[in-house]
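1. A structural model of the following input is requested.
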Amino acid sequence: QLVHNAEKGVYDNNLPGLVSTGREMFRMEMLERIALEKVRTLAFVDEIEVCLAYQNKLKESLELTSVTAEMRFFGASGVTASDLRSAERQVKAAENSEFSEW
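-> You can find the predicted model right below:
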């Protein structure tokens, strides 16, 4: 939806909105990378559940507007509170140092 809105011209006269959308896309991409790294350390997990766990649980702290509010099978993801804290720090650090080049 985010990319569609940008391509559709929704942000043509709204640079702050476009930057905000870009930041969210960057955060989502970083979370996907982190989730895929986590998947490689676990046995018998669904890659989708791991990705959703990071997105869902970090929705508020990373201001992810395009993520669902709830997740049914978080326990099956293998993602811990420590993993979430680490991911949040990694995403914020990457955004501060890499977003402008992304």
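2. over to V10: give its phi and psi.
-> The phi and psi values for V10, taken as degrees, to the nearest 10, are phi -60, psi -30.
3. now for the nearest residue to it once chain neighbours are set aside, how many residues are close by?
-> Spatially, and ignoring its direct neighbours in sequence, V10 is nearest to G17 (7.6 Å; C-beta to C-beta, 6 or more residues apart in numbering). All C-beta atoms are positioned from the backbone trio N, CA, C, and that covers glycine. G17: 14 surrounding residues under other C-beta atoms under 10 Å.
4. just the terminal-to-terminal distance for stretch 62-77.
-> 19 Å (C-alpha to C-alpha, to the nearest Å).
5. rewinding a little: what helix or strand does the residue nearest to V10 sit in?
-> helix 15-41 (DSSP states H and E).
6. and for I48?
-> Going by DSSP H and E, I48 is in helix 47-57.
7. now the angle between helix 15-41 and that helix, please.
-> Put simply, helix 47-57 runs at 130 degrees to helix 15-41, going by axes from the mean of the first three to the mean of the last three C-alpha atoms, to 10 degrees.
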